[in-house]
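Participant: give me coordinates for this.
(2 chains)
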Number of protein chains: 2
Amino acid sequence: MAEASAVRFGILGCANIARKVSRAIALAPNATISAVGSRTIEKATAFARENGYPSTAKLYGSYEAVLDDPEIDAVYVPLPTSLHLKWAVLAAQKRKHVLLEKPVALNVKELDTILEACELNGVQYMDATMWMHHPRTVKMKEFLSDSQRFGQLKSVHSTFSYLGDQEFLKNDIRVKADLDALGALGDAGWYSIRAILWTTDYELPKTVAALPDPELNEAGVILSCGASLSWKDGRVATFYCSFLANMAMDIVANGSKGNLRVHDFVIPFQENIAPFYTVESSRFGELSISIHPAPSEQNVSTDLPQEALMVKEFSNLVGSIKGKGCKPEKKWPTISRKTQLVVDAVKASIDKGFEPVEVVY
Amino acid sequence: MAEASAVRFGILGCANIARKVSRAIALAPNATISAVGSRTIEKATAFARENGYPSTAKLYGSYEAVLDDPEIDAVYVPLPTSLHLKWAVLAAQKRKHVLLEKPVALNVKELDTILEACELNGVQYMDATMWMHHPRTVKMKEFLSDSQRFGQLKSVHSTFSYLGDQEFLKNDIRVKADLDALGALGDAGWYSIRAILWTTDYELPKTVAALPDPELNEAGVILSCGASLSWKDGRVATFYCSFLANMAMDIVANGSKGNLRVHDFVIPFQENIAPFYTVESSRFGELSISIHPAPSEQNVSTDLPQEALMVKEFSNLVGSIKGKGCKPEKKWPTISRKTQLVVDAVKASIDKGFEPVEVVY
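Facilitator: Residues are numbered from 1 along each chain as shown, chains lettered A, B, ... in the order given. Sure thing, here's the model as predicted:
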């Protein structure tokens, strides 16, 4: 049940993912669905009905109408990536706070235009990377930050893949050059890159090199690819993302004293409890015929699903801006931009025949 | 208890790992320890006593004496890598079957000389990569080979690391340029490279590219490094090996229909039972708020430890040559050579500033 001061959300477009986020807005205690806009009023109406929208929710036959509604505080933008520049900038100019679906932009130049519009208009920006908001993520970070248990980070590997069926590989917006030109890199790779940066406290790598050879569709959109990231001090990271492999959502972080693993980091297997695995001070047994200790499973429960916690956190920030005159929180645009910089570097490395590409903030 | 026709082993040198393999020879039903040779008779005597050698075992003050003993069928060679060329070739020339500790050679040219000597003299060659012989490895391979459950291999990641203490990093033979010049790449990387080749049915990658930047000691020996391997059809593999990170022994294989993980592939946490994890046909739940199914753990028990099974398999082959006039099994030298080729390619890529290096059999 939303508070009286709840942040009033407008949804731009009826993408599939908007169903999940509509539920999240309904679940978040400080947010409420105020409007949905689609290219036709019929689609907006059907979407609202199918997703149990409150009768007070306004239905619009255009995105503009949502942005022009003075009773909307914030918009969630799940449009195809190629439309983000136009609609996120316009939303900011209309003083709407922006929760932007990933991939956030086709490149960092576009993202910078979006971020500048948000900053100029004093609105909060956040990308919709849901797993960042799960309490498990906090617990895992505590382990990674523990100099006694984990030590210094040495290597990370992350995979995010899922198997697109024939319909997906033919018609989904994520494989269309004019809609989501970054393909699996922008969609799945975004998560693994964010995960890697999360393990390094968002310290950017010195260089990024794509792995030969990505798989492309006929239009040249990436269906699978990988890359390595290298820091000056010997830390390395690798990732693999794909629409052509069974679902995997792994982060494996190797520290000088301990290791962390998680196998459902993007979307937990179960909504209300999520596991991760740690081991520390591993050693050989006598004669090296065994290893001690075995990894241990740790479970973190949550009352709200991670996407509702995302909406709650975003709405908290919006509420502070609205109610207390606070400035927008810079963490979210900063880590979004860093993620995009690495996405761009992987793409540049692919285009340069897998040469290492320097990453400069 | 060894059979009457047991293969009679001589051990060349009193390396730490020879303690484990001595126990394995004692446990294997078709092998027996006949002799140990060290640079001094005192060391050989102490080693035999400390490791509970049978009173019938002969003690020699040189490696040559073991090779000259007509009652020795096979030798286990745990000497520093730089000594393998000399002693493995000499052993073959003396018609001793060769169980060779890894890294087997400093480069493929050396290994080819060893393999030629073994072939010319009709003796069996096998490298001492113990995990290959665990029944879990067979079970995991069944899953990887199942076109319905695992589908086609898409990506693999493997890590083998362990934390060397100050004493290790200063004095262990594995960090000495004149003894084990390949450092962590030869020692730990060997296992991950073998694991990757095992997942591809030993199909060599087209190219190998080292990850920038490996960590080296003052003598230039590799303390940590990684690489990516790429096949023509979009399959990719990455690995990381290190003496500077907490112990990790991972294989994560991603197929088009299923995934396999194992986290103690080199040495199982426990000697008599070993787990691995599979998941297949993973899919999003309604609204993509969950993932089904969760991975399942499978445990494989073994009566004999993997190193005893290695000795048993090697001794079986030796027995067939001795007793039935069979030819040596070519699988083992072939996969050893392929592993070495990839080790060499990683080293070459490091030396060339991380350029991709072609791998040619």
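
Participant: distance check, the residue nearest to the spatial centre of chain A against residue A:200.
Facilitator: Nearest residue to the geometric centre of chain A (C-alpha atoms, centre = their mean): residue A:129, 2.4 Å. To residue A:200, residue A:129 is 16 Å away according to C-beta to C-beta, to the nearest Å. C-beta: built from backbone N, CA, C; applies to glycine.

Participant: for residue A:337, same thing?
Facilitator: Relative to residue A:200, residue A:337 is positioned 15 Å away (C-beta to C-beta).

Participant: domain assignment for chain A?
Facilitator: Here the domain assignment for chain A is A:7-131+A:323-329, A:134-306+A:340-358, based on the TED database.

Participant: now render these as CSV, adding distance to residue B:318 and mean pLDDT.
Facilitator: Converted to CSV, the domains of chain A look like this (distance: least, C-beta to C-beta, whole Å; pLDDT from 0 to 100):
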stretch, distance to residue B:318, mean pLDDT
domain A:7-131+A:323-329, 54, 97
domain A:134-306+A:340-358, 24, 96
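
Participant: any chance of those in a markdown table, with distance to chain B too?
Facilitator: A markdown table is the format used below for the domains of chain A (distance: least, C-beta to the nearest C-beta, whole Å):
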| stretch | distance to chain B |
| --- | --- |
| domain A:7-131+A:323-329 | 5 |
| domain A:134-306+A:340-358 | 4 |
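
Participant: closest one to residue B:107 among the ones you listed?
Facilitator: domain A:134-306+A:340-358 (24.1 Å; C-beta to C-beta).

Participant: starting at the chain centroid, how far to the closest one?
Facilitator: The chain centre lies 12 Å from the centre of domain A:134-306+A:340-358; the measure is C-alpha atoms, centre = their mean, to the nearest Å.

Participant: endpoints of that domain, how far apart?
Facilitator: Terminal residues of domain A:134-306+A:340-358 are spaced 32 Å apart (C-alpha to C-alpha, to the nearest Å).

Participant: show me the strands in the stretch 201-350 of chain A, by range?
Facilitator: A:207-210, A:215-216, A:222-230, A:236-242, A:244-255, A:258-262, A:273-280, A:283-284, A:291-292, A:296-301 (DSSP state E, counting those that start in this stretch).

Participant: doesn't residue B:289 make contact with residue A:269?
Facilitator: No. If you go by C-beta atoms under 8 Å, residue A:269 and residue B:289 don't touch, sitting 10.7 Å apart.

Participant: next, count neighbours for residue A:361.
Facilitator: By the measure other C-beta atoms under 10 Å in any protein chain shown, the count of residues near residue A:361 is 8.

Participant: oops, could you answer that again for residue A:87 instead?
Facilitator: When counting by other C-beta under 10 Å, one arrives at 21 neighbours for residue A:87.

Participant: same thing with the one 4 residues further on?
Facilitator: The burial count assigned to residue A:91 is 30, neighbours taken as other C-beta under 10 Å.

Participant: correct me, but it touches residue A:67?
Facilitator: Yes. Contact criterion C-beta under 8 Å: residue A:91 and residue A:67 qualify, at 5.6 Å.

Participant: just to revisit the earlier point, in CSV: the domains of chain A, plus distance to residue B:191.
Facilitator: CSV is the format used below for those (distance: least, C-beta to C-beta, whole Å):
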stretch, distance to residue B:191
domain A:7-131+A:323-329, 31
domain A:134-306+A:340-358, 13
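
Participant: wait, which of those domains is closest to residue B:341?
Facilitator: Taking the domains of chain A one by one with C-beta to C-beta, domain A:134-306+A:340-358 is closest: 17.9 Å.

Participant: how about the strands in the stretch 51-200 of chain A?
Facilitator: Under DSSP E, counting those that start in this stretch, the stretch 51-200 of chain A gives strands at A:58-60, A:74-77, A:97-100, A:125-127, A:153-163.

Participant: dump those strands into TSV; add distance to residue A:205 and mean neighbour count as well.
Facilitator: Putting the strands of the stretch 51-200 of chain A into TSV (distance: least, C-beta to C-beta, whole Å; neighbours: other C-beta atoms under 10 Å in any protein chain shown) gives the following:
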stretch	distance to residue A:205	mean neighbour count
strand A:58-60	43	21
strand A:74-77	28	26
strand A:97-100	24	28
strand A:125-127	20	27
strand A:153-163	11	26
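
Participant: okay, these in CSV with distance to residue A:194 next?
Facilitator: Formatted as CSV, the strands of the stretch 51-200 of chain A follow (distance: least, C-beta to C-beta, whole Å):
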stretch, distance to residue A:194
strand A:58-60, 32
strand A:74-77, 18
strand A:97-100, 14
strand A:125-127, 9
strand A:153-163, 9
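
Participant: hang on, the earlier thing: deepest in the core, which of the strands of the stretch 201-350 of chain A is it.
Facilitator: When those are scored by mean count of other C-beta atoms under 10 Å in any protein chain shown, the highest mean neighbour count falls to strand A:236-242 (a mean of 30).

Participant: just the angle between it and strand A:153-163, please?
Facilitator: 0 degrees (axes from the mean of the first three to the mean of the last three C-alpha atoms, to 10 degrees).

Participant: strand A:236-242 - contacts with which helices or strands?
Facilitator: With contacts defined as 3 or more C-beta pairs under 8 Å, 6 or more residues apart in numbering or on different chains; DSSP states H and E, the packing partners of strand A:236-242 are strand A:153-163, helix A:190-199, strand A:222-230, strand B:153-163, strand B:222-230, strand B:236-242.

Participant: tabulate the ones you listed (JSON lines), appending distance to residue B:60.
Facilitator: Below are the helices and strands packed on strand A:236-242 laid out as JSON lines (distance: least, C-beta to C-beta, whole Å):
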{"stretch": "strand A:153-163", "distance to residue B:60": "43"}
{"stretch": "helix A:190-199", "distance to residue B:60": "52"}
{"stretch": "strand A:222-230", "distance to residue B:60": "49"}
{"stretch": "strand B:153-163", "distance to residue B:60": "32"}
{"stretch": "strand B:222-230", "distance to residue B:60": "34"}
{"stretch": "strand B:236-242", "distance to residue B:60": "35"}
